[in-house]
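Q: based on what follows, work out the 3D shape:
(chains A and B)
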Amino acid sequence: MKALWQIPAILAITAFISLGYNQIRAKTLPLVCPWSESISGSSFSEYVSIVSIDEAAALFSNNDVVFIDARPESHYDEGHIRGALCLPWQQAEEKCFQIIENIPPDKNIITYCDGATCDLCDKLAVFLCDLGFDQVQALINGWTVWNQNKLPVDLPETQLIMTKP
Amino acid sequence: MNTPNSLKIHHIISIIVRFILGAIFITAGIPKILDTASFAGVIYNYHLLPDMLINIFAIALPWLEVIIGCMLVIGFWMPGTVILYNLLMIAFIGALVFNIARGLDISCGCFSTDSGDLIDMGTIFRDIIILIASMYLIFVVFIKKITSDNIFAKK
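A: So this is what the prediction gives:
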């Protein structure tokens, strides 16, 4: 059966070309990298500081912060940190001005998304810094840790109850 | 029944499917070859591979996509190529389903390394369509045994 020798042959050709190209390219990628060590506990960007859940909760209770949800709008609609604004990273450029026009430039802003390695909040924080906000922090794995700490959230049901006359 | 007409129809359809599927893999592979470091980050975010395999996959997988895509387009080593294509699509769909079930907001890394390209049910649906098309090639190559060589000989 031809496939029996063709599959290993294709894999061998792929290994030869890919490893060879990796060696001659300008930015050679090391074959092994300790990803977990290099990412955990640190922000992806050196320009944005990370806020802990305790600090975020304290700022929230003092009403001294604006949370901005970087997740897609459908995820925001399913639930978000209470009072958070929706600014999906994918639509940041087109929607940013209608979201940020009411936020003073010196206001604390915390961006968040979901998942320990989700970097949307980090990218959105850098984007907001570029727009002139200088008090922007990122809450890594924000939605999950906010829920784990049982902090106030807006859910579709609660929004419905709140809007009833 | 392998009548000459049905063979010819399958042959024509399989050429179209080969070109489309091949173009999909080539289109998907090239941006990742150009930005291997970002693609390694995408693979890490899937949380499916140990650290020691992430960079190796990031280096080899885009090339495998491009090579398989090229082989499909030119119709070279079809039995091995279509099996690998199907195995890759099954692996991609499995990885997507697993991470959507876990509720992770991660970028797909399907056609680019852009972090805004998030996985969702639409991504899975798209990949299932591609898998069905690639399974048709399995049918054509292994069951109908249609190749460029025999199609005109049987006429």
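Q: can you give me the neighbour number for the closest residue to chain B within chain A?
A: For chain A, the residue positioned closest to chain B under CB to the nearest CB is A:Gln6, at a distance of 2.5 Å. C-beta here means a position set from N, CA and C on the backbone, and glycine is covered the same way. Applying other CB atoms under 10 Å in any protein chain shown, we find 20 residues neighbouring A:Gln6.
Q: what's the answer for B:Ile15, then?
A: Around B:Ile15 there are 15 residues (other CB under 10 Å).
Q: against B:Ser134, how distant is the residue nearest to it when sequence neighbours are not counted?
A: Leaving aside its chain neighbours, B:Ile15 sits nearest to B:Gly75 (7.8 Å; criterion: CB to CB, 6 or more residues apart in numbering or on different chains). Going from B:Gly75 to B:Ser134 by CB to CB, to the nearest Å gives 14 Å.
Q: flag every buried residue along the helix or strand hosting B:Lys32.
A: For B:Lys32, the element it lies in under DSSP states H and E is helix B:4-34. Residues B:7, B:10-11, B:14, B:17-18, B:21-22, B:24-26, B:28-33 are the ones in helix B:4-34 that count as buried (16 or more other CB atoms under 10 Å in any protein chain shown).
Q: where does chain A dip in pLDDT?
A: In the predicted model, chain A carries pLDDT under 70 at residues A:34-48, A:116-117, A:157-165.
Q: okay, now the domains of it?
A: Domain segmentation of chain A under automatic domain parsing yields A:2-32, A:44-154.
Q: tell me which of these is the most buried.
A: Mean neighbour count (mean count of other CB atoms under 10 Å in any protein chain shown) peaks for domain A:44-154 among the domains of chain A, with a mean of 18.
Q: show me the contacts for the residue of chain B found nearest chain A.
A: Closest contact between chain B and chain A, by CB to the nearest CB, is at B:Gly80 (2.5 Å). By CB atoms under 8 Å, 6 or more residues apart in numbering or on different chains, B:Gly80 lies in contact with A:Lys2, A:Ala3, A:Trp5, A:Gln6, A:Ile7, A:Ala9, A:Ile10.
Q: phi and psi next, for it.
A: When read as degrees, to the nearest 10, the backbone of B:Gly80 gives phi -70, psi -40.
Q: still on that earlier bit, now do the host helix or strand of the residue of chain A closest to chain B against helix B:4-34, angle only.
A: According to DSSP H and E, A:Gln6 maps onto helix A:2-24. Orientation check (axes from the mean of the first three to the mean of the last three CA atoms, to 10 degrees): helix A:2-24 against helix B:4-34 gives 20 degrees.
Q: ok, and what's touching helix A:2-24?
A: A:28-29, B:33, B:36, B:59-60, B:62-64, B:67-68, B:71, B:77, B:79-81, B:83-84.
Q: can you give me the helices in chain A?
A: A:2-24, A:35-39, A:53-61, A:73-78, A:92-100, A:120-130, A:142-148, A:156-163 (DSSP state H).
Q: whoops, I mixed them up, chain B
A: Using DSSP H, helices in chain B cover B:4-34, B:36-46, B:51-74, B:78-102, B:121-138, B:148-153.
Q: any chance of these in TSV, plus distance to A:Phe16 and mean pLDDT?
A: Formatted as TSV, these follow (distance: least, CB to CB, whole Å; pLDDT from 0 to 100):
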stretch	distance to A:Phe16	mean pLDDT
helix B:4-34	15	90
helix B:36-46	16	80
helix B:51-74	9	93
helix B:78-102	16	92
helix B:121-138	25	94
helix B:148-153	27	49
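Q: what's the closest of the ones you listed to A:Val136?
A: Of all those, it is helix B:36-46 that lies closest to A:Val136, at 21.8 Å by CB to CB.
Q: how about that closest one and chain A, touching?
A: Yes: Helix B:36-46 lies within reach of chain A by CB under 8 Å from any CB of the partner chain, at B:Thr36, B:Ala37, B:Ala40, B:Gly41, B:Tyr44, B:Asn45.
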